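*Asks:* Here you go, sequence then predicted model.
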Amino acid sequence: MAGAEGDRARLRAALIGLVAEAGSHAVTAVAVTERAGLGAEAFERAFPGLSFEECLAEVWQESTQEFLERTGGAYAAAGGWREGLRAAAWAYCRFLQDDRERARFLIDVTFAGEMVHANRDFVMDAYTELVHLGRFEREEAAGLDRVVAEGIVGAIWEWAANGVRTDTLDRLPTQVPGMMYLTVLPYLGADAAMEELQRGPADLARYERGEL
């Protein structure tokens, strides 16, 4: 990889690493280029015409797209709402654990202002709608307000963010059955929610073997 494409990859990695190590307050164009071992002109070559804030937002959106592809692909392949949400939850854990610097970068969204916040809101809204598809799974759930799904997605975001911020990502998979219980309960009822807890140990063992 050479030229602007190679510079972009190095700058992207430097940016993600800086945020992961020192927090968003430490991120400047100078710090990023120095960490990447590049001159100031490399930034313009890699991100032509973009302000530094726009560059930050673009890198965050690229990382978010990777997340959407992983979790969305897992959901689609599972073949059903409940099964899909469970598969997406395990894919979410794997995505965060695979690259902890990227995970911290995604959680620390305050550095890029309105553009990143708007993109984050779009992602949250998309997953809220996905969860709220549960209203079609059972007649009793048809009248549930969308605020139920908003609360579930917000709780899942905080669950993941806390794992990233406290460096306890290794514990996240053990909490997936509880998150599934929370998600399934209002839409499918107590029996289905309990099934998620009961299957948790077997699913966790499969996850640890790399089968999920």
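*Replies:* Cool, got the structure.
*Asks:* Quickly list the domain ranges of the chain.
*Replies:* For the chain, automatic domain parsing gives the domain ranges 1-49, 59-208.
*Asks:* As a markdown table, the ones you listed with mean pLDDT and mean neighbour count would be great.
*Replies:* No exception for glycine: its C-beta is placed from N, CA and C like everyone else's. Shown next, in a markdown table, are the domains of the chain (pLDDT from 0 to 100; neighbours: other C-beta atoms under 10 Å):
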| stretch | mean pLDDT | mean neighbour count |
| --- | --- | --- |
| domain 1-49 | 81 | 16 |
| domain 59-208 | 93 | 17 |
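*Asks:* Helix or strand: which one has the residue most central in space within the chain?
*Replies:* In the chain, the residue lying closest to the centroid (C-alpha atoms, centre = their mean) is Phe67, at 5.3 Å. Here Phe67 sits within helix 52-78, counting by DSSP states H and E.
*Asks:* Quick one: name whatever helix or strand follows the helix or strand Val147 falls within.
*Replies:* Using DSSP H and E, Val147 sits within helix 146-165. Tracing the chain C-terminally past helix 146-165 and defining elements by DSSP H and E, one meets helix 172-188 next.
*Asks:* thinking again about what came up before, which neighbouring elements make contact with the helix holding Phe67?
*Replies:* Helix 52-78 sits against helix 3-22, helix 81-98, helix 100-107, helix 113-132, with contacts defined as 3 or more C-beta pairs under 8 Å, 6 or more residues apart in numbering; DSSP states H and E.
*Asks:* mind running it again at 7 Å?
*Replies:* If you count contacts as 3 or more C-beta pairs under 7 Å, 6 or more residues apart in numbering; DSSP states H and E, helix 52-78 packs onto helix 81-98, helix 100-107, helix 113-132.
*Asks:* Same list, these, but as CSV with distance to Gly73 please.
*Replies:* Supplementary listing: the helices and strands packed on helix 52-78 in CSV, determined by distance: least, C-beta to C-beta, whole Å:
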stretch, distance to Gly73
helix 81-98, 8
helix 100-107, 17
helix 113-132, 13
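*Asks:* nearest to Gly6, of those?
*Replies:* helix 100-107 (19.1 Å; C-beta to C-beta).
*Asks:* my read: Ile16 touches Arg100, true?
*Replies:* No: assessed by C-beta atoms under 7 Å, Ile16 is found out of contact with Arg100, at 10.3 Å.
*Asks:* Overlap in contacts, those two.
*Replies:* Counting by C-beta atoms under 7 Å, 6 or more residues apart in numbering, Ile16 and Arg100 have no contacts in common.
*Asks:* that older thread, from what I can see the residue nearest to the centre of the chain touches Leu96, true?
*Replies:* No: assessed by C-beta under 7 Å, Phe67 is found out of contact with Leu96, at 8.8 Å.
*Asks:* Perfect, I'm done here.
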